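# sequence first, then the predicted structure, then my questions.
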Amino acid sequence: MQHLSAYEKVQLARHPQRPYFLDYVQFLCTDFIEVHGDRKFGDDPAVVGGFAFFGGKPVCVVGIQKGRDTKQKLYRNFGMPKPEGYRKALRIMKLAEKFRRPILTFIDTPGAYPGIDAEERGQAEAIAFNLREMSTIRVPIVATITGEGGSGGALAIGVGDRVNMLEYSIYSVIAPESCSAILWRDQSHAADAAEALRLTPEDLKKFGLIDEIIPEPEGGAHNDHAAVARHVRAVLEGQLAELSDSNTDRLLERRYDKFRAMGVFAD
């Protein structure tokens, strides 16, 4: 399916039958124990996290969960976290650091929730705080974009030593429709915007923004959840084995350098 346009890949990334975070937990992990609440305001069902075993080893897993039917979509707020969701994610990651558990994050969100209540509770501050704190967490972090990677809402749990994308996922500062509405005053140019945004895994790897593209089954991940989970498992196992051998100070130095280098170009 290499002939697909950027906007067709956007549509695949949003396919309602793609595996979501809890599907990956089911396929990849055992003995998952969920942790709730941010200890400041409440619990955000859009963000799910806790501890589990991956390949027989203890890990921390954090992800953004969408819903499939109307009831679940409303409960999960369509996969758009609020500040308490990001604060819960960081709370769990800090526990992982305390107990020396590597962290696996799974990203699939159109973006952080832009509602008034989220803004009142410090949405931007919560995202910015996560970026700073994740850069200094002293255990390996592997982030995987499994569907939509929308702006700061995705980056807030995406500061990793390795950043992966599924073959038909996207990662962008803005949705193509919103970009089209800004530049052309309507959404009819979303396909043109998608091309210009360079939001596909191929472009992002070329620019050095991600590390690895994980292949999907023929037609996309929605066609075979178990198969795509096997591909994800193979990549994560290899990366965790590599990162676990790193000196902690060197791990942090490389993570810092990795993100500082983004957007820096030389002739």
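Arrived safely, thanks for sending.

# residue nearest the centroid of the protein?
I107 (2.0 Å; C-alpha atoms, centre = their mean).

# chain center to the helix or strand that contains that residue: distance?
Assigned by DSSP states H and E, I107 belongs to strand 103-109. In terms of C-alpha atoms, centre = their mean, to the nearest Å, the centre of strand 103-109 is found 4 Å from the chain centre.

# and if you look at stretch 201-211?
Its chain's average C-alpha position is 15 Å from that of stretch 201-211, according to C-alpha atoms, centre = their mean.

# contacting residues around I210?
Neighbouring residues of I210 by C-beta atoms under 8 Å, 6 or more residues apart in numbering: 145, 163-165, 171, 201, 204. For every residue, glycine as well, the C-beta is placed using N, CA and C.

# ok, now how distant is it from R250?
I210 sits 21 Å away from R250, going by C-beta to C-beta, to the nearest Å.

# how about the secondary structure of I145?
Under DSSP: H, G, I helix; E, B strand; the rest coil, I145 falls in the strand class.

# I figured it was touching M165, is that so?
Yes - using C-beta atoms under 8 Å, I145 makes contact with M165 at a distance of 4.5 Å.

# list residues touching both of the two?
171, 210.

# how about the helices of the stretch 1-150 of the chain, start to end?
Using DSSP state H, counting those that start in this stretch, the helices of the stretch 1-150 of the chain run over 6-13, 21-28, 70-75, 83-98, 116-120, 123-134.

# got a ChimeraX select line for the buried ones in the contacts of I210?
Buried members of the contacts of I210, defined by 16 or more other C-beta atoms under 10 Å, are picked up in ChimeraX with:
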select :145,163,164,165,171,201,204
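
# turn the contacts of I210 into TSV, columns for distance to R101, pLDDT and secondary structure.
As requested, the contacts of I210 are exported to TSV (distance: C-beta to C-beta, whole Å; pLDDT from 0 to 100; DSSP: H, G, I helix; E, B strand; the rest coil):
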residue	distance to R101	pLDDT	secondary structure
I145	22	98	strand
V163	19	97	strand
N164	19	97	strand
M165	24	98	strand
Y171	26	96	strand
P201	28	95	helix
L204	28	95	helix
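
# what bits of this structure have low per-residue confidence?
Scanning the chain for pLDDT under 70 picks out 1-2, 267.

# and the residue lying closest to T136 once chain neighbours are set aside, how many neighbours?
Among residues not flanking T136 along the chain, L252 sits closest, at 6.5 Å (C-beta to C-beta, 6 or more residues apart in numbering). For L252, the count of nearby residues is 16 (other C-beta atoms under 10 Å).

# ok, longest helix in this protein?
Longest helix of the chain, by residue count under DSSP state H: helix 225-244.

# what sits up against the helix or strand following that one?
Toward the C-terminus, helix 225-244 is succeeded by helix 248-260 as the next helix or strand (DSSP H and E). For helix 248-260, contacts defined as C-beta under 8 Å, 6+ apart pick out 135-136, 138, 140-141, 159-161, 243, 246.

# can you list these in a markdown table and add distance to P102?
A markdown table is the format used below for the contacts of helix 248-260 (distance: C-beta to C-beta, whole Å):
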| residue | distance to P102 |
| --- | --- |
| S135 | 16 |
| T136 | 15 |
| R138 | 11 |
| P140 | 4 |
| I141 | 7 |
| V159 | 14 |
| G160 | 10 |
| D161 | 9 |
| L243 | 7 |
| S246 | 11 |
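
# now, which of those sits nearest Y86?
Compare each of the contacts of helix 248-260 with Y86 using C-beta to C-beta and the shortest gap goes to V159, at 11.9 Å.

# separation between that closest one and R132?
Between V159 and R132 the computed distance is 9 Å (C-beta to C-beta).

# before we move on, back to that, what's the closest of the contacts of helix 248-260 to S178?
Nearest to S178 among those is V159, at 23.7 Å by C-beta to C-beta.

# residues contacting the closest one?
Taking C-beta under 8 Å, 6+ apart, we find V159 in contact with 130-131, 134-135, 141, 143, 255, 259.

# make it 7 Å
Listed by C-beta atoms under 7 Å, 6 or more residues apart in numbering, the contact partners of V159 are 131, 134-135, 141, 259.
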